[in-house]
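In: output the structure for:
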Amino acid sequence: MTRLLAALGGWVVLTALGSVAVERAFAMPTDGGAPRAVVASVWSGGELIARATLAHPEDTDARLEAAIAAHPGATLVHEDIVGEAPVLPWPAPAQAMSFVPGRDGLAVTLGDRTEYVTPDDLLARHAYDMGVTLPIVGVKAGIDLPVALAMLGDRFGTSVRDLLDRGRLRRIRTRRTFPGRASERSVTADTMTPDDAAAGVLAAARHLARGVDADGRFRYRIDAPTNRTLSGYDWPRHAGSTYFLAQAAALSHDPAVAAASLRAAAYLRDHATIDCGQDQCIGDGAVVDLGATALAVVAFTEIVRARLDPAYAEIIPRLTSFLRAQQRPDGELMHRFDRGRGRRLDVQLLYYSGEAALALSRAHGLLGDPRDLDAARRALAHLVGPAWSFFGSRYYFTEEHWTCQAMDDLWDRAPSGDALELCLRWLAHDRRLALRAEDAPFDADGAYGLAAVPTPFLTPIASRCEAAAATLDAAQRARSPDSVLEPLRAQLRHSLALLLRRQLGPATAHLAVDPAAVEGAIPASEVDWELRIDFAQHAGSALARWLDVSLDASGAGKPFRHATVDEKRQGTP
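Out: Here you go, the predicted structure:
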């Protein structure tokens, strides 16, 4: 035992000494004052046109001036070098992961010449979070070093092997500025206003609306730097995005957003509404999933509620009949239907039971069918009860965002203290995983997860905000104490402010071939610029719900709200 303890003690000491040595050798101290150098670049249409290294931000260069004159509308960008450190020589995964995403670039000195691959270069080439991939847990991290080195080899006119053999490699930390342009206000948890949130909602909605074609089909996936439309489509996400456009139209009264919502709804009605046994559902295959029908009901009820087209009220009962028919006696729903065999398939997937509970509640709130209320109530009771009867149940604890929205929507008609308690516990669990400004070298304030890696994905943040706003709404109506409400309010402000900071706009426009086409979009992450319609939908809906709840709590009046049965009967919007 003594020898074992001595060995463990020696291992601890050696590990500590090794950690200190690595930290001292490879840590990157950053300068808060004047930059060490400035990499000045001229970008036009997403392409790097000219570049020069300046000693001071006030310096100029004839190559830059000539490029700006030759390309009207080009953008001059300064990437101030505020830190520098060696690159880990090995192993390759550690090399790749030693670069902070969105902040660090690579410098190579060969002889008396130095060239840089800056964060903007890497963003434009999708080179962040591409070095190491762990598909089992869905983690991607580190820069794509072969891409970065190939770019440097092109600039030196030599091979990558020559760069590695003769060059001196260093990591650089940069800070982006735009000469001659006033500094943009950075939205934070402390400074975010309802106007900021409303502007974010409208920008996200206009981005989606621009992508709805004349038939009503969305541009489902887009590569933001090149504005290329990528393959794939998904009916639940189409329906969810249609819902958000109706939400945003009710909030903003923007005619283009309203028209896009109606085109997208018509596409669901005319191209995806099919027979499922004696009922109708949404889909286009031999086997259909429940989620598309549930979110179509949510979208159609929002369209009617917003008075965009009252005729959609006639379609809803045919779809809710399908949802009710998929429900088991214990309240759980069967998530698939085999149209060829006319069979309900008793399988469960993430999200769909919560979506169905919300859809049935919204339908009852609009049309008043007691069968919808009973089905919604029983679905919610199962989600917060038997569905969580053992650890490792089929629904992850991190995926309750639709459940919490259903809980809030039902509160005035079928309040569930158990559901509210579950949502409060879930959000408290998320707060224990919340990151703040000091937790990571990149902008992580309002995100959830591990501090330095990976770069936080934005849609999970947005969906948690949707649930947090709904839970806050129900908790306020339940007269919960401030000790419950204030942490929720703070959680929302931090995460929503992060979403607003990540929304594509002027600060990133120079990296896009067509900045207007992607303005207002929400990317997958700060450094992953694939766009998908549900990214903007979840973020926009979260901002809209926060406006709804926060303005109601302040006494300023809601910009929009869901009509109840009584209000419908009285003709109140």
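
In: any chance you could map the strands in the stretch 251-400 of the chain?
Out: 273-276, 279-282, 287-289, 336-338, 343-345 (DSSP state E, counting those that start in this stretch).

In: for the last one, the distance to its chain's centre please.
Out: This points to strand 343-345. Strand 343-345 sits 33 Å away from the centroid of its parent chain (Cα atoms, centre = their mean, to the nearest Å).

In: what's the mean pLDDT across that strand?
Out: For strand 343-345, mean pLDDT rounds to 97.

In: what packs against that strand?
Out: Packing contacts for strand 343-345, counted by 3 or more Cβ pairs under 8 Å, 6 or more residues apart in numbering; DSSP states H and E, involve strand 336-338. (Each C-beta comes from the backbone N, C-alpha and C, glycine too.)

In: list the buried residues in the strand it packs on.
Out: Buried residues in strand 336-338, counted by 16 or more other Cβ atoms under 10 Å: 336-337.

In: just give me how far that strand sits from the chain centre.
Out: Mean-position distance between strand 336-338 and its chain equals 30 Å (Cα atoms, centre = their mean).

In: strand partners of it, parallel vs antiparallel please.
Out: Under the criterion DSSP bridges, strand 336-338 sits next to strand 287-289 (antiparallel), strand 343-345 (antiparallel) in its sheet.

In: please identify which of those strands is closest to Y351.
Out: Ranking those by proximity to Y351 (Cβ to Cβ) places strand 287-289 first, at 9.9 Å.

In: winner for burial among the strands paired with strand 336-338?
Out: Highest mean neighbour count among the strands paired with strand 336-338 (mean count of other Cβ atoms under 10 Å): strand 287-289, with a mean of 19.

In: give me the contacts around that strand.
Out: 235-236, 274, 276, 281-283, 335-340, 345, 349, 352 (Cβ atoms under 8 Å, 6 or more residues apart in numbering).

In: buried ones among these?
Out: Here, 16+ other Cβ under 10 Å leaves 235-236, 276, 281-283, 335-337, 339, 352 buried among the contacts of strand 287-289.

In: which one's the longest strand in this structure?
Out: strand 75-86 (DSSP state E).

In: run the chain-centre distance for it.
Out: With Cα atoms, centre = their mean, you get 27 Å for strand 75-86.

In: got it, and stretch 209-221?
Out: With Cα atoms, centre = their mean, you get 19 Å for stretch 209-221.

In: CA-only coordinates of it in PDB, if you can.
Out: Output in PDB follows, covering the C-alpha atoms of stretch 209-221 (Å, rounded to 0.1, in the frame of the first residue of the first chain):
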ATOM      1  CA  ALA A 209     -39.300  34.700 -45.900                       C
ATOM      2  CA  ARG A 210     -36.800  35.500 -48.600                       C
ATOM      3  CA  GLY A 211     -36.200  31.700 -48.900                       C
ATOM      4  CA  VAL A 212     -39.800  30.800 -49.500                       C
ATOM      5  CA  ASP A 213     -40.400  30.300 -53.200                       C
ATOM      6  CA  ALA A 214     -43.600  31.000 -55.100                       C
ATOM      7  CA  ASP A 215     -44.900  27.500 -54.400                       C
ATOM      8  CA  GLY A 216     -44.300  27.800 -50.700                       C
ATOM      9  CA  ARG A 217     -41.200  25.700 -50.300                       C
ATOM     10  CA  PHE A 218     -38.300  26.900 -48.100                       C
ATOM     11  CA  ARG A 219     -34.600  27.000 -48.900                       C
ATOM     12  CA  TYR A 220     -34.100  24.300 -46.300                       C
ATOM     13  CA  ARG A 221     -30.300  24.400 -45.900                       C
END
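
In: other residues contacting that stretch?
Out: 208, 222, 229-234, 237-238, 241, 245, 256-257, 259-261, 263-268, 270-271, 517, 530-533.

In: where along the stretch 251-400 of the chain do the helices fall?
Out: 255-267, 290-305, 316-325, 352-367, 370-383 (DSSP state H, counting those that start in this stretch).

In: now these in TSV, with distance to R181 and mean pLDDT?
Out: Below are these laid out as TSV (distance: least, Cβ to Cβ, whole Å; pLDDT from 0 to 100):
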stretch	distance to R181	mean pLDDT
helix 255-267	28	98
helix 290-305	38	98
helix 316-325	49	98
helix 352-367	43	98
helix 370-383	49	97
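
In: and the longest strand of the chain, what does it pack onto?
Out: helix 2-26, strand 37-44, helix 119-124, strand 168-177.

In: lowest average pLDDT across those?
Out: Looking at the helices and strands packed on strand 75-86, the bottom one is helix 2-26 with a mean of 50.

In: which segments of this protein make up each domain?
Out: 35-177, 194-570 (automatic domain parsing).

In: show me how far the longest one is from its chain's centre.
Out: This means domain 194-570. In terms of Cα atoms, centre = their mean, the centre of domain 194-570 is set 12 Å apart from its chain centre.

In: picking that back up, out of the strands of the stretch 251-400 of the chain, nearest to Y312?
Out: strand 273-276 (11.3 Å).

In: run through the neighbouring helices and strands of the closest one.
Out: strand 279-282.

In: ok so, going back, now distance to A66 too, for the strands of the stretch 251-400 of the chain, in a markdown table please.
Out: Output for these, formatted as a markdown table (distance: least, Cβ to Cβ, whole Å):
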| stretch | distance to A66 |
| --- | --- |
| strand 273-276 | 58 |
| strand 279-282 | 56 |
| strand 287-289 | 57 |
| strand 336-338 | 62 |
| strand 343-345 | 66 |
